[in-house]
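Participant: dropping the sequence and predicted coords here.
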Amino acid sequence: MRLLISFAALFMSVILLQLSSGGVGPLDVLSGIKLGFSNQEIGLLGSAHFIGFFVGCWWAPRVMGSVGHSRAFAAFTAAGSIGLMSHMLIIDPYAWALMRVASGFCVAGCYTVVEAWLNAKVTNETRGRTMGAYRVVDMTGSLAAQMMIGVLTPASYVSYNLLAILCSAALLPLVLTRLPQPETPAQPRLRPRLAMDRSPLAAAAVVVAALSSASFRMVGPIYGQEVGLSAGQIAWFLSAFVLGGALAQFPIGWLADKFDRRWVLIWLSAASILSCAVTVMAAGMGTGAIFLAATLFGLTTFPIYSVAASHAHDFAKSEERVELSAALMFWFAVGAIFAPYLASVLIENYGPAALFGMISIGHGVLVLFGLTRMRARPTARKRTPYVYAPRTTFIIGRLMRRQRDNHSVGRKAP
């Protein structure tokens, strides 16, 4: 408990950052619709966010090494605040895309600082409890951020100013903490091919996870608006997705530890295709049905990244875990960069249901690829435990490395 209290400043910064960064994506969509942006231009904003996110993941450790953790965090939050406050000064989708690059850069940079700080302070005995608290804080902040959309007026200076205030406020707890700044961790070498070498199925699965998550969270409000949801109802629609993902972690983790993880991935993708169909059919059945469908969609798609990461780590050596986590993050970022724009183009040309048609195709390909890989080699005999893996930074692998190394789970054929 004393350890968690000592991290209270870091966790408070995470919550404030989530409220700010989690709110800007849906707000940009609703503001773009109000201002007459095309669906493709709105999709470009979501893709721009992940471009900034990828650059931030790669560059943040170098900034920390140059100026220290607190100053780096201040610089990243300043970039995010500037991007948010500039929205209503220049009403142009391409200018907004540059601002979203700044927001993505801010998110990746700030999370890198927080996770590097946590990694330096926890011990093997406290790592599990600290990571559990960190995941709860992160998920709670994400859920609250989606709910904020119901009270933010689209295309309003006040709305963007409020998000900028929250982003700036995230600076205060961390900068004012009395905790001594830790040593800067070495940047993990980015080797995207490592994920392909250890598990081609895992690399493909994290791309499909990005296709599902990034397109839904960045373009989902367009779908909600097209099927007649109000801004407040869109907030519940997005929150239901996050809630479904949170509820899925324990049962899917149990299945992933008990059965062949490739079968778990295949059945999750099959269930994701079903949930896409249910979501489309629920559009004409009232808001309650739409919210339940979004919960089902989150329950089936959200855990795929963590199951894929656990499967890849089953074939990795201990000294490869940090770089493997970074490689999986790289492939997730690649999928997340292209998914929102592609989804918006399809919605523009074929209607709102095309969003879930695209996601279904991605999961269908993953099912076929998974069945092919099952014939290529047997699953690992000694396996790492299932761990919920946040898609935050390249540093997250350091925090979870001991959790994967300290325990193993037996295999039981399905």
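Facilitator: Sure, I can see it.
Participant: quick one: Ala327 from Phe241, how far?
Facilitator: Distance of Ala327 to Phe241, given as CB to CB, to the nearest Å: 26 Å. C-beta here means a position set from N, CA and C on the backbone, and glycine is covered the same way.
Participant: cool, Phe338 as well?
Facilitator: Taking CB to CB, one finds Phe338 at 20 Å from Phe241.
Participant: the more surrounded of the two?
Facilitator: Neighbour count, other CB atoms under 10 Å: between Phe338 and Phe241, Phe241 has more, with 27 against 17.
Participant: so who does the more buried one touch?
Facilitator: Listed by CB atoms under 8 Å, 6 or more residues apart in numbering, the contact set of Phe241 reads Gln146, Phe216, Arg217, Gly220, Ala294, Thr295, Phe297, Gly298, Phe302.
Participant: neighbour count, secondary structure and pLDDT added to those, as JSON lines?
Facilitator: JSON lines is the format used below for those (neighbours: other CB atoms under 10 Å; DSSP: H, G, I helix; E, B strand; the rest coil; pLDDT from 0 to 100):
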{"residue": "Gln146", "neighbour count": "24", "secondary structure": "helix", "pLDDT": "87"}
{"residue": "Phe216", "neighbour count": "26", "secondary structure": "helix", "pLDDT": "93"}
{"residue": "Arg217", "neighbour count": "23", "secondary structure": "helix", "pLDDT": "89"}
{"residue": "Gly220", "neighbour count": "26", "secondary structure": "helix", "pLDDT": "91"}
{"residue": "Ala294", "neighbour count": "27", "secondary structure": "helix", "pLDDT": "94"}
{"residue": "Thr295", "neighbour count": "22", "secondary structure": "helix", "pLDDT": "95"}
{"residue": "Phe297", "neighbour count": "27", "secondary structure": "helix", "pLDDT": "95"}
{"residue": "Gly298", "neighbour count": "25", "secondary structure": "helix", "pLDDT": "93"}
{"residue": "Phe302", "neighbour count": "26", "secondary structure": "coil", "pLDDT": "90"}
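Participant: out of those, who's nearest Met12?
Facilitator: Distance to Met12, by CB to CB, is smallest for Gln146 among the contacts of Phe241, at 19.4 Å.
Participant: so the closest one sits against Gln233, correct?
Facilitator: No: using CB atoms under 8 Å, Gln146 makes no contact with Gln233, being 11.7 Å away.
Participant: would you map the strands across this structure?
Facilitator: Assigned by DSSP state E, the strands in the chain number zero.
Participant: nearest the middle, which residue of it would you pick?
Facilitator: Arg391 (4.6 Å; CA atoms, centre = their mean).
Participant: burial count for the residue nearest to it when sequence neighbours are not counted?
Facilitator: Computed as CB to CB, 6 or more residues apart in numbering, the closest residue to Arg391 that is not its neighbour in sequence is Phe332, at 5.4 Å. Phe332: 29 surrounding residues under other CB under 10 Å.
Participant: any idea how far Phe332 is from Gly245?
Facilitator: 15 Å.
Participant: coming back round to it: report pLDDT for the residue nearest to Arg391.
Facilitator: As predicted, Phe332 sits at a pLDDT of 92.
Participant: quick one, what contacts it?
Facilitator: Applying CB under 8 Å, 6+ apart, the residues near Phe332 are Val206, Val207, Ala209, Ala210, Tyr305, Arg391.
Participant: show me which residues of stretch 365-373 are buried.
Facilitator: The neighbour-count check on stretch 365-373 (16 or more other CB atoms under 10 Å) flags Leu366, Val367, Phe369, Gly370, Arg373 as buried.
Participant: closest to Leu274 out of those?
Facilitator: Nearest to Leu274 among the buried residues of stretch 365-373, counting by CB to CB, is Val367 at 11.6 Å.
Participant: mind checking how far the residue nearest to that closest one when sequence neighbours are not counted is from Ile347?
Facilitator: Once flanking residues are discounted, Val367 sits nearest to Ser269: 4.8 Å by CB to CB, 6+ apart. Here Ser269 is placed at a distance of 22 Å from Ile347 (CB to CB).
Participant: higher neighbour count, these two?
Facilitator: Ser269 (27 against 24).
Participant: gap between that one and Leu368?
Facilitator: Where Leu368 is concerned, Ser269 sits at a distance of 10 Å (CB to CB).
Participant: how about Ala271?
Facilitator: Distance from Ala271 to Leu368, counting by CB to CB: 16 Å.
Participant: now Val334
Facilitator: Per CB to CB, Val334 is found 20 Å from Leu368.
Participant: could you do Ala78 as well?
Facilitator: 46 Å.
Participant: what's the answer for Val227, then?
Facilitator: 30 Å.
Participant: cool, Ser272 as well?
Facilitator: According to CB to CB, Ser272 and Leu368 sit 14 Å apart.
Participant: again, but for Gly132
Facilitator: Distance of Gly132 to Leu368, computed by CB to CB: 36 Å.
Participant: how about Trp267?
Facilitator: As judged by CB to CB, Trp267 and Leu368 stand 14 Å apart.
Participant: likewise for Gly83?
Facilitator: Gly83 sits 40 Å away from Leu368, going by CB to CB.
Participant: OK, contacts around Leu84?
Facilitator: Residues in contact with Leu84 (CB under 8 Å, 6+ apart) are Ser20, Val24, Met99, Ser103, Tyr160, Asn161, Leu163, Ala164, Cys167.
Participant: count of residues packed around the nearest residue to the last one once chain neighbours are set aside?
Facilitator: Right, the one you point to is Cys167. Using CB to CB, 6+ apart and skipping residues adjacent in sequence, the residue nearest Cys167 is Ser20, 3.9 Å away. Using other CB under 10 Å, Ser20 has 29 neighbouring residues.
Participant: my read: Ser20 touches Ser159, true?
Facilitator: No: the criterion here is CB under 8 Å, and Ser20 misses it with Ser159 at 11.6 Å.
Participant: helices along the stretch 1-150 of the chain, start to end?
Facilitator: Secondary structure of the stretch 1-150 of the chain (DSSP state H, counting those that start in this stretch): helices at 2-6, 8-35, 39-67, 69-85, 93-121, 127-148.
Participant: turn these into TSV, columns for distance to Ala283.
Facilitator: Below are the helices of the stretch 1-150 of the chain laid out as TSV (distance: least, CB to CB, whole Å):
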stretch	distance to Ala283
helix 2-6	43
helix 8-35	17
helix 39-67	17
helix 69-85	32
helix 93-121	27
helix 127-148	19
